[in-house]
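Trainee: this one's structure only:
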């Protein structure tokens, strides 16, 4: 099954799927500023576009471009600045 | 706007978006055999998983794994064998 998710009034959407027992999703974020909470730890990979992020407790923003990835701890959160429509892969670790 | 698309009874779903005036989509294909028609020429990049494809007029199947891409001519079609749930990026050229 492919699970459709919509966040922030439809400005972020994702498609969740399972592969070999592991959950992942691909999604798109339109320009905007967002805060996402995490349940499980996750790895976010930028597919096309760019994400500027700051994890909870961090002071500085980091930029990730297509092909680059960052991880976020579980039971935490991260802030995002999205300047152009960006596609991403989220893998739950 | 992020456009949700669903094909083949929901076993293939995609999210279409525009970035700098160019149309792309990210999507997920569940295991199965599919034929897709193209309108514009497109480049398909495997994000996670694997696609086995054969373009219209070709005799042999080719396998593309994560990070690999193939192009398909416009006004044409290609057959796909999907063995595990696979995420892809489709860029219209």
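Mentor: That came through, no problem. If you're wondering where the values come from, they're calculated on a predicted model, not measured in any experiment. Numbering: from 1, shown residues only, chains lettered A, B, ... in the order given.
Trainee: chain A against chain B: which residues are in contact?
Mentor: Contact residues (C-beta under 8 Å from any C-beta of the partner chain) of chain A with chain B: A:1-2, A:4, A:10-15, A:17-20, A:24, A:26-28, A:30, A:47-49, A:84-87, A:89, A:91. Where you see a C-beta, it was placed from the backbone N, CA and C, and this is true even at glycine.
Trainee: tell me the residue furthest from the middle of chain A?
Mentor: residue A:20 (20.9 Å; C-alpha atoms, centre = their mean).
Trainee: roughly how far does that residue sit from residue B:15?
Mentor: Noted for residue A:20: a distance of 23 Å to residue B:15, by C-beta to C-beta, to the nearest Å.
Trainee: swap in residue A:73?
Mentor: If you go by C-beta to C-beta, the gap between residue A:73 and residue B:15 works out to 27 Å.
Trainee: and for residue A:12?
Mentor: Separation of residue A:12 from residue B:15 (C-beta to C-beta) stands at 10 Å.
Trainee: neighbour count winner among residue A:73 and residue B:15?
Mentor: Applying other C-beta atoms under 10 Å in any protein chain shown to residue A:73 and residue B:15 shows that residue B:15 carries more neighbours, namely 21 against 15.
Trainee: appreciated, that's everything.
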